[in-house]
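**Q** any chance you can model this:
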Amino acid sequence: MIKALTTSATGLEAQQANIDRIANDLANVNTDGYKRETTEFHDLMYENIKDPGGRQGASTISPTGIQKGLGVKVGSNHKLFEQGSVKLTSNPYDLMIEGKGFIPVTLPNTGEVVFTRTGNFKLDSQGRISLSNGALLEPAISVPTEATGVVITPNGEVKAVTAQGEQNIGQIQLANFINPQGLMSIGNNFYKSTSASGQAQTLVPGEGGTGTLLQGALESSNVNVANSMIEMIGAQRAYEMNTRVMGVADKMLEATTNIVR
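**A** Numbers count the residues shown, from 1 in each chain. Model (predicted):
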């Protein structure tokens, strides 16, 4: 069997994974806080026919060897946490992180603390600041019913505006990670910490490089449609070239079979 068939098949699988990643990015081009992904490819192990530095006789050492590559695989697929553009909303509960931090929230069903870049918060039936899926800001902050407005400062102080003036009702915190690429995406714009990302370092906004908060704004997706389209064209061409290699290998096998005839 010609190895080009199986080698090109690995190329098809790798480019299919690349197209899947690009499709996911483009599907989330309007998802607030979404971070685009990148795919890394690694070559597979090699078949060593002659090792570099091997002896060719009693005293001669081969300066090069003979190795046959066996294809490619997807090495990793991770998020690129570049800052998205500002989208002004004038909603006092919308928050944008200007920097690299994450907002910790508590999931409604499990009570697990996860992290997000999406800050489209609202008030629930109990006056608590939460996301539309019920995830509560961590630590929880409740707005009193008599409040006529809310002020959130860049360093995360939350103040309720009442007839008596401004009243401090809580402090929003941001989390940093040593390796944010090691976070696990779990959907709904949520991330879980892993052993690869390290434990969350929770700080006041503006400290330790966490970034600051901007009230009345959201962070748009950092997907660049033009760049994604260029990547898609490149992946498509690479896929086509691998199919052509399979076609050439098939014709070589056919020619070999016809010799017997």
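**Q** from the opening residue of stretch 50-64 to its closing one, how far?
**A** Distance between the boundary residues of stretch 50-64 (CA to CA, to the nearest Å) amounts to 8 Å.
**Q** quick one: residues in contact with it.
**A** Residues outside stretch 50-64 that contact it (CB atoms under 8 Å, 6 or more residues apart in numbering): 65, 66. (Each C-beta comes from the backbone N, C-alpha and C, glycine too.)
**Q** got it, and stretch 29-41?
**A** Everything outside stretch 29-41 that qualifies as a contact, by CB under 8 Å, 6+ apart, is 14, 17-18, 21, 24-25, 28, 72-82, 84, 87, 116-120, 189, 218-225, 228.
**Q** likewise stretch 206-213?
**A** 95-101, 119, 152-156, 172, 174-176, 201, 203-205.
**Q** taking those residues one by one, which sit in strands?
**A** Counting by DSSP state E, the part of the contacts of stretch 206-213 found in strands is 95, 96, 97, 98, 152, 174, 175, 176, 201, 203.
**Q** just checking: what are the partner strands of the lowest-mean-pLDDT helix or strand in the chain?
**A** Least confident helix or strand, the chain: strand 46-50 with a mean of 83, by mean pLDDT, DSSP states H and E. When pairing is defined by DSSP bridges, strand 46-50 lines up against strand 66-69 (antiparallel).
**Q** related to what we said a few turns ago, I'd like the ones in strands among the contacts of stretch 206-213 as CSV, with pLDDT appended.
**A** Formatted as CSV, the ones in strands among the contacts of stretch 206-213 follow (pLDDT from 0 to 100):
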residue, pLDDT
95, 96
96, 96
97, 96
98, 95
152, 96
174, 96
175, 96
176, 95
201, 94
203, 94
